[in-house]
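[1] here are the coordinates; sequence isn't available:
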């Protein structure tokens with residue numbers, strides 16, 4: 001067996017890679033996608049577990065193999081090799097903690113249903129460039145790509161970013177204080193929930209570039225590790 005695909009504490013599927021043979025990985029992916037074409041549809045967002053790889057592994061070629069199979073890579077996890085971690089981050093992907101805990105216990109099911117089947121969530125699959133503005137009116141917003149500095153993403157509900165967030169992000173834009181922000185790599189110019197906001201220099205530095213969850217409590221922004 002070269003790979004397995006499992007659920008986890010991430011709100012995404014995790015591809016566990018056990019082999020460095022790209023052809024073997026490609027065959028395994030084709031087989032799994034043929035068996036589960038709905039569950040593993042085109043552009044299904046995934047996290048790559050690299051705990052069995054090291055810096056000698058060809059990360060770029062692995063990404064290309066997964067992408068060619070129709071999967072959308074949003075990051076890597078469980079990296080124990082510092083050189084490999086540098087390679088992954090230089091390629092533009094976040095390296096997530098293996099101990100990420102999603103506090104919404106039904107988040108995996110929520111993500112699967114809302115991103116694919118309901119009109120209550122707006123899904124963006126392409127990078128958001130500087131100067132672009134996205135507004136998800138009366139719904140949640142999920143972005144499975146990077147958001148550039150100078151871009152602005154707004155939603156009346158929750159916002160989920162599975163990429164590097166460098167622009168401005170405003171959840172609960174219509175005043176919903178229950179809205180939250182989930183982000184795999186926070187490097188934002190501004191974060192806001194329900195009208196309460198932090199500029200970049202107000203975001204605690206220990207969370208810069210990290211996977212975080214933002215919410216409101218007692219009219220105050222709260223930031224936590226995912």
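    Here it is on my side, so go on. Given the structure is predicted, the values throughout are model-derived calculations rather than measurements.

[2] could you use CA atoms for every contact and neighbour count after this?
    OK.

[3] OK, contacts around residue 169?
    152-154, 188, 190-192 (CA atoms under 8 Å, 6 or more residues apart in numbering).

[4] how far away is residue 20 from residue 89?
    Taking CA to CA, to the nearest Å as the criterion, residue 20 is separated from residue 89 by 19 Å.

[5] what do you get for residue 47?
    Applying CA to CA, the value for residue 47 to residue 89 is 14 Å.

[6] more crowded one of the two?
    Neighbour totals were compared for residue 47 and residue 89, and residue 47 leads with 24 against 13 (other CA atoms under 10 Å).

[7] in what helix or strand does the more buried one lie?
    Residue 47 belongs to strand 44-49 when assigned by DSSP states H and E.

[8] helices or strands up against the next helix-or-strand element following that strand?
    Counting by DSSP H and E, the next helix or strand C-terminal to strand 44-49 is helix 59-68. Applying 3 or more CA pairs under 8 Å, 6 or more residues apart in numbering; DSSP states H and E, one finds that helix 59-68 makes contact with helix 22-35, strand 71-77.

[9] let me see the ranges of the helices in the chain.
    Ranges of helices in the chain, per DSSP state H, are 22-35, 59-68, 82-90, 107-116.

[10] which positions within the longest one qualify as buried?
    Counting neighbours by 16 or more other CA atoms under 10 Å, one finds that the buried residues in helix 22-35 are 22, 25-26, 28-29, 33.

[11] now tabulate the residues you listed in CSV and tack on pLDDT.
    Below are the buried residues of helix 22-35 laid out as CSV (pLDDT from 0 to 100):
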residue, pLDDT
22, 91
25, 91
26, 90
28, 88
29, 86
33, 76
